[in-house]
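Chemist: Next comes the sequence, and after it the predicted model I'd like to discuss.
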Amino acid sequence: MELKAHSICRLVKNEDLNHHGTLFAGKTAMWFVEAGFIAAASLTHPENIVCVNIHGMLFKKPVKNGQIIRFESKVVLTGKTRLISYVRIVDNSSNEFYLDGFISFVHVDLKGKSLPHGIEINPTTPEDIALQEKAKNLK
């Protein structure tokens with residue numbers, strides 16, 4: 001299966017800001033996980049996906065009030081029960097890069113027990129191949 005990208009946009013509002021007047025990391029983490037979840041759930045069913053690890057979320061620059069940011073996500077690596085999504089955040093109009101990272105999800109049954117998903121990812125672009133290699137080295 002080829003890697004399918006998903007995008008969601010968010011308007012940064014006053015209630016999303018920290019005491020410095022920039023986007024609060026906790027709000028960003030919530031949106032970040034949601035974006036990765038959408039990518040993983042698109043390959044199976046939402047009720048079968050559980051987040052187990054955010055592998056990093058390093059801001060390259062602050063996001064300011066009133067900006068519209070885009071979360072781009074895709075599953076870049078699968079295992080027997082694991083799905084790893086890559087998420088990147090950019091300014092929606094300028095494509096200026098703000099942060100990226102990986103999130104691990106586990107495919108589970110309705111009782112929460114891990115369940116094989118049978119999904120295989122085959123990256124075809126140099127960028128997707130590089131992302132898959134990075135994901136393989138995550139702890």
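Modeler: Yes, it's here. This is a predicted model, so every value here is computed, not measured. Numbering: from 1, shown residues only.

Chemist: going forward, measure contacts between C-alpha atoms and count neighbours the same way
Modeler: OK.

Chemist: Strands of the protein, residue ranges please.
Modeler: Secondary structure of the chain (DSSP state E): strands at 6-11, 49-54, 68-78, 82-91, 97-107.

Chemist: Now mean pLDDT, distance to H19 and mean neighbour count too, for those, in JSON lines please.
Modeler: Output for those, formatted as JSON lines (pLDDT from 0 to 100; distance: least, CA to CA, whole Å; neighbours: other CA atoms under 10 Å):
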{"stretch": "strand 6-11", "mean pLDDT": "97", "distance to H19": "18", "mean neighbour count": "15"}
{"stretch": "strand 49-54", "mean pLDDT": "96", "distance to H19": "24", "mean neighbour count": "17"}
{"stretch": "strand 68-78", "mean pLDDT": "97", "distance to H19": "20", "mean neighbour count": "25"}
{"stretch": "strand 82-91", "mean pLDDT": "97", "distance to H19": "21", "mean neighbour count": "24"}
{"stretch": "strand 97-107", "mean pLDDT": "97", "distance to H19": "19", "mean neighbour count": "22"}
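
Chemist: Identify whichever of those strands lies nearest to A130.
Modeler: Among the strands of the chain, the nearest to A130 by CA to CA is strand 68-78 (9.5 Å).

Chemist: which strands and helices sit next to the closest one?
Modeler: strand 6-11, helix 25-41, strand 82-91, helix 126-136 (3 or more CA pairs under 8 Å, 6 or more residues apart in numbering; DSSP states H and E).

Chemist: Switch these over to a markdown table; also include distance to G118.
Modeler: Output for the helices and strands packed on strand 68-78, formatted as a markdown table (distance: least, CA to CA, whole Å):
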| stretch | distance to G118 |
| --- | --- |
| strand 6-11 | 21 |
| helix 25-41 | 13 |
| strand 82-91 | 10 |
| helix 126-136 | 18 |
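
Chemist: Show me what the closest residue to G56 other than its chain neighbours is bridged to.
Modeler: Leaving out its chain neighbours, the residue that sits closest to G56 by CA to CA, 6 or more residues apart in numbering is G101, at 5.1 Å. Counting by DSSP bridges, G101 is bridged to V87.

Chemist: Thanks a lot, see you next time.
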